[in-house]
Structures are given as structure tokens and as C-alpha cells.
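> Sequence and computational prediction follow.
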Amino acid sequence: MKHQASKLILVVSCWVMGAAASSAAAYPIAGVNPSQRPEGAPRITQVNHDAQWYKSAVQGISEPYPASLKFLESQGNWYTPFNRPGMPGRYDLRGWYAGDRH
């Protein structure tokens with residue numbers, strides 16, 4: 001009985017690993033050739049930061065805005081922690097958790 005259970009676990013494990021490997025091959029792998037963009041990799045074609053995005057980006061910062069915030073003008077669609085809430089409580093220096101921002 002113990003031998004049969006071990007065989008079943010082995011068969012199921014092999015099946016799961018095979019299924020995972022076959023599904024992973026369908027996506028491009030970045031970094032294999034760092035000087036070349038993988039075929040089929042997504043591309044950012046335009047950046048559109050609306051008024052709500054800017055309002056959120058300067059949340060809790062009073063005017064006149066410091067010159068160090070000029071980077072917002074060239075901020076692309078990539079992730080930045082600057083325009084997302086950090087820790088709540090006494091660490092919430094920009095007032096993200098002080099109420100409903102919307």
C-alpha cells in the first residue's frame with residue numbers, strides 16, 4: 001500500500017512539473033540576450049498621465065512644489081513607489097490614510 005502511494009505521488013509530481021514547463025515556454029524570457037528585446041514582449045507606446053494621476057502623485061505635498069518633483073514630468077508607465085501609499089499611522093507623512101482621497 002505504501003509503495004503504491006509513493007508511485008502515485010511520483011506520477012502526479014511528474015505530471016505537474018511537465019504541465020508547468022510546457023506553459024512557461026509560451027512566454028518570452030527577458031534577459032537571455034540582454035542587448036535584444038524578446039520577440040512579442042509588450043511595448044509602451046504612449047504615456048498619458050491625467051489630472052487624477054498628478055493629484056495622486058503630489059498627495060500631501062503643499063505648493064509651491066519643490067524643484068525635485070520635476071521628475072514627474074518624465075515619469076513613464078513603470079512602477080514607482082512615490083505615488084503609492086506607504087505605511088499607515090505615524091509613518092503616513094503625506095496623509096494617504098487620513099481619509100478618502102477620491
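Structure received.
> For residue 59, which residues are in contact?
83, 94, 95, 96, 101 (CB atoms under 8 Å, 6 or more residues apart in numbering). C-beta: built from backbone N, CA, C; applies to glycine.
> which non-adjacent residue is nearest the third one?
Residue nearest to residue 95 in three dimensions, not counting chain neighbours: residue 60, with 4.3 Å by CB to CB, 6 or more residues apart in numbering.
> Could you list the low-pLDDT ranges of this structure?
Scanning the chain for pLDDT under 70 picks out 1-3, 5-6, 8, 10-30, 99-102.
> That one: helices as residue ranges?
2-24, 51-57 (DSSP state H).
> who's in contact with the residue nearest to residue 95?
Counting by CB under 8 Å, 6+ apart, residue 60 makes contact with 93, 94, 95, 96.
> 10 Å - rerun?
Counting by CB atoms under 10 Å, 6 or more residues apart in numbering, residue 60 touches 85, 92, 93, 94, 95, 96, 98, 101.
> Could you turn the buried ones of the contacts of residue 59 into a ChimeraX selection?
A single ChimeraX command is used to select the members of the contacts of residue 59 judged buried by 16 or more other CB atoms under 10 Å:
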select :83,96
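> Using TSV, lay out the contacts of residue 59 together with distance to residue 42.
Shown next, in TSV, are these (distance: CB to CB, whole Å):
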residue	distance to residue 42
83	21
94	31
95	34
96	29
101	29
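> all strands for this protein, in order.
Per DSSP state E, the chain has no strands. Nothing in it meets that criterion.
> what about the nearest residue to residue 65 once chain neighbours are set aside, how many neighbours?
With CB to CB, 6+ apart as the criterion, residue 65 has its nearest non-adjacent residue at 6.3 Å, and that residue is residue 58. Close neighbours of residue 58, defined as other CB atoms under 10 Å, add up to 15.
> unless I'm mixing things up, residue 58 is touching residue 69, no?
Yes. Using CB atoms under 10 Å, residue 58 is in contact with residue 69, at 6.9 Å.
> Against residue 72, how distant is residue 38?
30 Å (CB to CB, to the nearest Å).
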